[in-house]
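Trainee: Provided below are the primary sequence and the corresponding predicted coordinates.
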Amino acid sequence: MNSIVQKSTTSNKKKQKPLGDEEAGEDDDYDDLARGVAMMEEEFDKDSDDGGDKSGDEGNAEGLPESDEDDFYQKMKLKSKAKKQTKKQMYAVAPKYPRLEGEVEGEQAIGHTIMKSCGLVTHKAKINRNPRVKKRKQYRKALIRRKGAITIRDVRTDEGHVYGGELTGI
């Protein structure tokens, strides 16, 4: 998707969903929030009808009783904790090496890496990795040495037999 399409879809989403026009059961968080706001408004109206007489043990600064406010916030806390827990479980990575629950009795067997360990190894030339290439280079060098050692050239026998002179004469 390009940026123009993204911008148009986000602006369409904002236009489609005004704050009060929401389907029932679509968003539980929004419903809980709406109920909480309604409860606060009712409590605020009750306190204002009483003449504004507030006692410290009946309510808090907004006029809500402590128990209603606590219940609403406790529900929201529990819901957010549950949501975080499910996300944590969904994105949890399985351990690479499973852990043993108890201790193993007796001696443990050595691992593959320890068994195949060579310890300190001397440096070797790169040519030793491929034996076929090494032998090919050795042969090439041997040919060069042989040519330098032989001073007499090979006798050419084929060229002398090609031309036999003039056959008929003058």
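Mentor: Cool, the structure landed.
Trainee: Going by secondary structure, residue 117 is in what exactly?
Mentor: Take DSSP states H and E as the rule and residue 117 turns out to sit in neither a helix nor a strand.
Trainee: Could you measure from it over to residue 81?
Mentor: 49 Å (CB to CB, to the nearest Å). Every residue, glycine included, has its C-beta placed from N, CA and C.
Trainee: tally of neighbours for residue 92?
Mentor: By the criterion of other CB atoms under 10 Å, residue 92 has 8 neighbours.
Trainee: What are the boundaries of the helices in the chain?
Mentor: Along the chain, the segments classed as helices by DSSP state H run 3-16, 28-49, 66-90, 112-115, 131-149.
Trainee: Would you format those as TSV with mean pLDDT and mean neighbour count included?
Mentor: Putting those into TSV (pLDDT from 0 to 100; neighbours: other CB atoms under 10 Å) gives the following:
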stretch	mean pLDDT	mean neighbour count
helix 3-16	64	9
helix 28-49	80	13
helix 66-90	90	11
helix 112-115	88	8
helix 131-149	91	10
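Trainee: of all those, which lies closest to residue 96?
Mentor: When the helices of the chain are compared by CB to CB, helix 112-115 sits nearest residue 96, at 15.6 Å.
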